[in-house]
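Colleague: okay, sequence plus prediction incoming.
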Amino acid sequence: MSARDTIFSKIEAATESLAGKTALPELEKAKAFRSRFVPESEAVEELERCFERSWTSAQGKLVRSEAELIELLKTMGAKKGYLDSSLSSGDLTSEFEVSSLFDRERVDEYDFGISRATCGIAETGTIALIDRDTPNRLGALAPWIHVAVLEREKLRARLYDALTDFQKDPSVVLVTGPSKTADIEGLLIVGVHGPGEQICWLV
Amino acid sequence: MIHPTVSGKRIKFMMTCLCDAFYADVARASYEVLEHLGCEIKVPSGQTCCGQPALNAGEWDNARKVIRHTIEEFEGTDPVVIPSGSCAAMTRHGAILGFEGESDLVETKEMASRSWELCEYIVRGLGIENWPGRFDGRVALHRSCHTRNTFIYESAVTLLSSIDGLELVEVGELDQCCGFGGTFCVSFPNVSEKMGQLKVEHLTESEPDFIASLDMACMMHFGGMMDKQKLGTPRLHVSQILKQALDNQ
Amino acid sequence: MAKLEQSIDRYAAELDPETSFAVRDASKIKTEQRFDTLWADFEDPNAMRKLAGQVKQHTLENLPRYLAQAEASFQRNGANVHWAVDGDEANAIVLDIMRRRNATKIVKSKSMVTEEIELLPFLEEHGVEAIETDLGEYIVQIDGDHPSHIISPIIHKNRKQVARSFEREGIGEYTEDPEELTRIARRFLRKKYLEADVGMTGANFVLADSGRIVIVTNEGNARFSMAATKTHIVVVGIEKVIPREEDLPLYMNLLGRSATGQAMTVYTQLIGGPKLEGQEEGPEEMHVIFLDNGRSDALASECREILRCIRCGACMNICPVYRQASGHAYRAIYPGPVGAVLSPLLALKNGGFHQLADLPKASSLCGACQEVCPVDIPIPDLLLRLRARGKEESAARGAIDSPGFGMWAIAASQPAAWKMGLAMGHAMNVAPHAWLNAHPSAKSWQSTRDLPKFRGGEFRKWLNARKGGNEK
């Protein structure tokens, strides 16, 4: 008997008499539990307001123009970075050394990585990075600074609303702020293996 | 946890094994409080114990033996009033657990539906939210763990805070157990002591005039520690406060 | 006379003050954070917990169906699915995958289930280097230690200890500054990710309908493992499945807040299959290993509700016994309230229940754990059921404390005997307390508490004296 057969025969025996005992609750019941951060309407302005509040309270930073982004990157001391080739570069290429190739042999030479967010979730201040819209996983992850470019129309109210954006992508990464740990004495440290600065560029 | 729904003033009184053995004063105060309320009280003379110690020890056959005896002693349809959150919870939950699959499970459920802790009976059974009389002092009320999932603690707070002169003080870390837990306190003495010590610190922190409890089991444990450490804050069961307030009208 | 001493109690007594304080303090803070965020953010967290419990309970009761569905969904997504009856089989499957992929280096994310099956020592024996990448787990690994809490592995350590460990490993300049230590770990582990062949993770949830695993982290280590390597191996217990992708948000609302007071962990990954064609980095193969290792026995038992557990740690954070004893006292991978049920149950498969039968006794049955459990597991009831099982099987450790209630039950069901006991008990008041110490329970009691005065039958006498007595 294969391992699969062994396991299934055991769990079938274990659950034989339990059919129908506990019903599967309707999804509407769970959806009815709304946190105080759920946007009050689907209007883009409201979604943006909620997103900004939740994003920044998770130590994320928000910019709304290329000029603002450049300024912020400069204050962070950035010199060189990775830019997803599908994004138009504008002034970035003149202010910084920008490459559309992410060379993993030189991973620590990139100060920043800029890639697309597939959508954003207003309630939790979250952006989604998926394989389809992220040419290089490391480019969005390894540099100290990550910039997620998010179109306003792609803001969703809750995680429930964002699920359809993921389609069948094999890798969906929901990002809520820069990486953190509190393993040492419970002290919060920002910037562990992932970015220590997480920027969202709202376009 | 079954909530009692059968009320009325013709009641049976369960004194609890601890009061039977150690705390006659508490049983007496509870009885007199119920008398004052106009209850017609029967005290089944063959009563012994709710069965909790055996259930907690895993000796469910022995527990069921005692529970069956108790149900027999308290048979009928009258509400059963108990000056202990722990015994009430046992009657309304522990016994049900222990009788899973037994043919007389329905009897335990029936008993559960008419079993009340004292304060809960007064507030939710009889609808009384204001207690007459006077009791002067700052009181730290211990929230015993077996009041979880019931309205017992809320009922006690309602009654005590309604008494003239009585001020309920805040007690820190209400969610932390005092460390009695039945045989736990003697088989895990170090942990039990540390838990008890924390509880004593929280109860005495604001230097109350009195410490009150809904459960003599808890109080026997942390009170015993206080006595050994010569900490003199007077300790009263809630029934004794209610009685003293009545005597002070 | 039955032996009174319990090893968990002894451990608590001997725990060094520094560790003891660290555990209690951290636990208290996390308990407060959980309460504050849950009640600030939601109107009725208790209703949410009950609903989350129902979804899990339904899933467990229909586990064969949902596991089969998950398997089909994963396969549709291009992932390989494997089944392991126990740890040995799981370890062998991992090694087999390593060999077929010509792989010798693994970077690993936090996974309690891999601790359970002792995967790393096995791999080491077979020439595979596996490095823990979660900061706390990495420190545990280099110290040859064990995590003492399922979420915060090193709550029993301080910065000085971490500094010494890093210095000993030679991975950076000596520093006791937590931020510096974290930067050192970042630089060191980054190289390891990029050199590794395989990224290994557990899974917080398995989504049956869409064929995805869900991994929640804060550090970015799981992300890095799956960005830098060419093979992804998942080891996950069969109980982690939930029916629908749309069930996930309810658990996401509860998990972070229950564990650390966070509304959302920094990274939540939904992974269903190898990388998309055209993606420059990431696994070409994904392998999901479903592990039984005693879970099917737990499912068949009277305590199956424990399998709802989503590993948040809230129960141990609030548990007064865990706070005093700390995780290592439980001698098992899963400590605290959940461990007191799960660990002995998982040991059923190899007849090891009796070795852990004392765990369910390490509780005052206060019920705090059930009150904070995001899936509403009735832990105190399960502890009671296991105590009953322990007694029935005369499990050695289970029997070692209570004197036995046979005599007591006879007295408590025969009023005449009971009343005689009430009369005789008065001897307690006149006996020297030293004599009373002859009974281990009395001795234990008196070491820290005074005994109350015995007043057996006084209330009954009083009652009978008034108006000719009211006793029926």
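Modeller: Thanks, I have the structure now.

Colleague: for the rest of this, base every contact and every neighbour count on C-alpha atoms.
Modeller: Fine.

Colleague: I'd like the distance from the lowest-mean-pLDDT helix or strand in chain B to the chain centre, please.
Modeller: The weakest-scoring helix or strand in chain B, judged by mean pLDDT, DSSP states H and E, is helix B:184-187 (a mean of 89). Distance of helix B:184-187 from the chain centroid (CA atoms, centre = their mean, to the nearest Å) equals 20 Å.

Colleague: and chain C, is it touching that?
Modeller: Yes: Helix B:184-187 lies within reach of chain C by CA under 8 Å from any CA of the partner chain, at B:184-187.

Colleague: check stretch A:115-135 too.
Modeller: Yes: interface with chain C: stretch A:115-135 contributes A:124, A:131-132, A:134-135 (CA under 8 Å from any CA).

Colleague: highest neighbour count among those?
Modeller: With neighbours taken as other CA atoms under 10 Å in any protein chain shown, the top of the residues of stretch A:115-135 next to chain C is A:Thr124, carrying 26 neighbours.

Colleague: excluding its backbone neighbours, what's nearest that one?
Modeller: Distances taken as CA to CA, 6 or more residues apart in numbering or on different chains put A:Ser54 closest to A:Thr124, at 5.6 Å, once the chain neighbours are dropped.

Colleague: what's the answer for B:Thr16, then?
Modeller: In space, and not counting its chain neighbours, B:Thr16 is closest to B:Cys49: 6.1 Å by CA to CA, 6+ apart.

Colleague: tell me what the single longest helix found in chain C is packed against?
Modeller: Using DSSP state H, we find that the single longest helix of chain C is helix C:17-41. Counting contacts by 3 or more CA pairs under 8 Å, 6 or more residues apart in numbering or on different chains; DSSP states H and E, helix C:17-41 is packed against helix C:248-260, helix C:314-318, helix C:320-325.

Colleague: what comes into contact with the first one?
Modeller: Applying CA atoms under 8 Å, 6 or more residues apart in numbering or on different chains, the set of residues contacting helix C:248-260 from outside is A:30-31, A:159-160, C:30, C:33-35, C:37-38, C:48-49, C:52, C:151, C:262-265, C:310, C:312-314, C:372-374.

Colleague: tell me what angle that helix forms with helix C:17-41.
Modeller: In terms of direction (axes from the mean of the first three to the mean of the last three CA atoms, to 10 degrees), helix C:248-260 departs from helix C:17-41 by 140 degrees.

Colleague: next, the buried residues of helix C:248-260.
Modeller: By 16 or more other CA atoms under 10 Å in any protein chain shown, the buried positions in helix C:248-260 come out as C:248-260.

Colleague: can you put these in TSV and add pLDDT?
Modeller: Output for the buried residues of helix C:248-260, formatted as TSV (pLDDT from 0 to 100):
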residue	pLDDT
C:Leu248	98
C:Pro249	98
C:Leu250	98
C:Tyr251	98
C:Met252	97
C:Asn253	97
C:Leu254	98
C:Leu255	97
C:Gly256	95
C:Arg257	97
C:Ser258	97
C:Ala259	94
C:Thr260	90
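
Colleague: hey, where'd the strands end up in the chain?
Modeller: Just going to use chain A. Assigned by DSSP state E, the strands in chain A fall at A:61-63, A:80-83, A:97-99, A:112-116, A:119-121, A:126-130, A:145-150, A:155-156, A:171-175, A:180-181, A:189-190, A:197-202.

Colleague: please refer instead to chain B.
Modeller: B:10-13, B:40-42, B:80-82, B:115-117, B:134-142, B:164-168, B:210-213, B:235-237.

Colleague: and the last one, how far out from the chain's middle?
Modeller: Read it as strand B:235-237. Taking CA atoms, centre = their mean, the mean C-alpha location of strand B:235-237 is offset from the chain mean by 12 Å.

Colleague: could you give the mean pLDDT of it?
Modeller: Averaged across strand B:235-237, the pLDDT comes to 98.

Colleague: helices or strands up against that strand?
Modeller: So strand B:235-237, by 3+ CA pairs under 8 Å, 6+ apart, packs with strand B:210-213.

Colleague: could you list the low-confidence segments of the chain?
Modeller: You didn't say which chain, so I picked chain A. Across chain A, no stretch falls below the confidence threshold (pLDDT under 70).

Colleague: right idea, wrong chain: chain C
Modeller: Scanning chain C for pLDDT under 70 picks out C:1-5, C:395-403, C:433-434, C:467-472.

Colleague: list the contacts of B:Val169.
Modeller: B:Val169 is in contact with B:138-141, B:206, B:208, counting by CA under 8 Å, 6+ apart.
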